[in-house]
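Engineer: no sequence for this one, just the structure:
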Ligand SMILES: C[S@@+](CC[C@H](N)C(=O)[O-])C[C@H]1O[C@@H](n2cnc3c(N)ncnc32)[C@H](O)[C@@H]1O
């Protein structure tokens, strides 16, 4: 099996602990194994796991540093993106990963357990069903902002522990100017090209919608 070390992660996040480096390293074997049982990322993408999925996910951390005690909801996490890489990076923050497809949540639970991520809770449900409140909602490639927003509206805590207000941090591509206009949301765009040399293909932005 091809061994991929997380050098790419260290290039942009250079103060990782040994534990975090070990956890990032384990992702390749874990996703190679689980993706062969249950397809959660495109099979050809597994060779580019670190660039296209892991580094891409933690692009959110360049826009927002989550704090100890904050809670983050990942809507439509699929196999755990962006939630799992973010949970490795922010071990003191609580992450709730949800998806409407049960077998994907099975993969998330297996990966989180193998990594010893006790800051991750994963549930098979639709975001609309949730009653809890969070500091931040993260997501990647689920649906248009105008459809997404009503699912999570009202699910934000009032108090903030962060330098930036609580809100949505959504990894997105497409015609964002048109999409933001259609959603009528006040959104800020952060291009990943400002932080990374890699080309992230279609999802090139972190869209931040403060609440
Ligand atoms: C294209 S996949 C993206 C998965 C993951 N975020 C990633 O980037 O690899 C979209 C995911 O959103 C989930 N989904 C769609 N609508 C949802 C909803 N209302 N609540 C929870 N999950 C939802 C789907 O089941 C699917 O796994």
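Structural biologist: Perfect, I can see it now. Note that the structure is predicted; figures quoted are calculated from it, not measured.

Engineer: need the contact list for residue 138.
Structural biologist: For residue 138, the contacting residues are 60, 72-75, 82-83, 86, 168-171, by Cβ atoms under 8 Å, 6 or more residues apart in numbering. From N, CA and C alone the C-beta is placed, and that goes for glycine too.

Engineer: which stretch of helix or strand covers it?
Structural biologist: When secondary structure is defined using DSSP states H and E, the element that contains residue 138 is strand 136-140.

Engineer: can that strand be found next to the ligand?
Structural biologist: Yes - Strand 136-140 lies within reach of the ligand by Cβ under 6 Å from any ligand atom, at residue 140.

Engineer: what are the pairing partners of that strand, and which direction each?
Structural biologist: If you go by DSSP bridges, strand 136-140 pairs up with strand 71-75 (parallel), strand 167-172 (parallel).

Engineer: continuing past that strand, what's the next helix or strand?
Structural biologist: Tracing the chain past strand 136-140, the next element assigned as helix or strand by DSSP H and E is helix 145-152.

Engineer: for the ligand, state which of the contacts of residue 138 is nearest.
Structural biologist: Each of those was scored against the ligand by Cβ to the nearest ligand atom, and residue 75 proved nearest at 5.5 Å.

Engineer: pretty sure the closest one is touching residue 152, no?
Structural biologist: Yes - at 6.4 Å, residue 75 counts as touching residue 152 under the criterion of Cβ atoms under 8 Å.

Engineer: joint contacts of the two?
Structural biologist: Jointly contacting residue 75 and residue 152 under the rule Cβ under 8 Å, 6+ apart are 127, 137.

Engineer: which of those two has more neighbours?
Structural biologist: Neighbours of residue 75 and residue 152, each counted by other Cβ atoms under 10 Å, are more numerous for residue 75; the result is 26 against 19.

Engineer: roughly how far does that one sit from residue 97?
Structural biologist: When distance is defined by Cβ to Cβ, to the nearest Å, residue 75 is 9 Å away from residue 97.

Engineer: model confidence over whichever strand or helix holds residue 36, on average?
Structural biologist: Assigned by DSSP H and E, residue 36 falls within helix 18-37. Taken as a whole, helix 18-37 has an average pLDDT of 95.

Engineer: contact partners of it?
Structural biologist: With Cβ under 8 Å, 6+ apart as the test, helix 18-37 has contacts from 1-6, 9-10, 16, 40-41, 43, 46, 49-50, 53-54, 79, 84-85, 88-89, 91, 107, 110-111, 114-117.

Engineer: all helices for this structure, in order.
Structural biologist: Taking DSSP state H, the helices of the chain run over residues 7-12, 18-37, 56-57, 60-63, 83-89, 102-115, 145-152, 176-183.

Engineer: tell me which of these is the most buried.
Structural biologist: helix 83-89 (a mean of 27; mean count of other Cβ atoms under 10 Å).

Engineer: what helices or strands is it leaning on?
Structural biologist: Helix 83-89 sits against helix 18-37, helix 56-57, helix 60-63, strand 71-75, strand 94-99, helix 102-115, strand 120-124, with contacts defined as 3 or more Cβ pairs under 8 Å, 6 or more residues apart in numbering; DSSP states H and E.

Engineer: 7 Å - rerun?
Structural biologist: For helix 83-89, the contact count by 3 or more Cβ pairs under 7 Å, 6 or more residues apart in numbering; DSSP states H and E identifies helix 18-37, helix 60-63, strand 94-99, helix 102-115 as packing neighbours.
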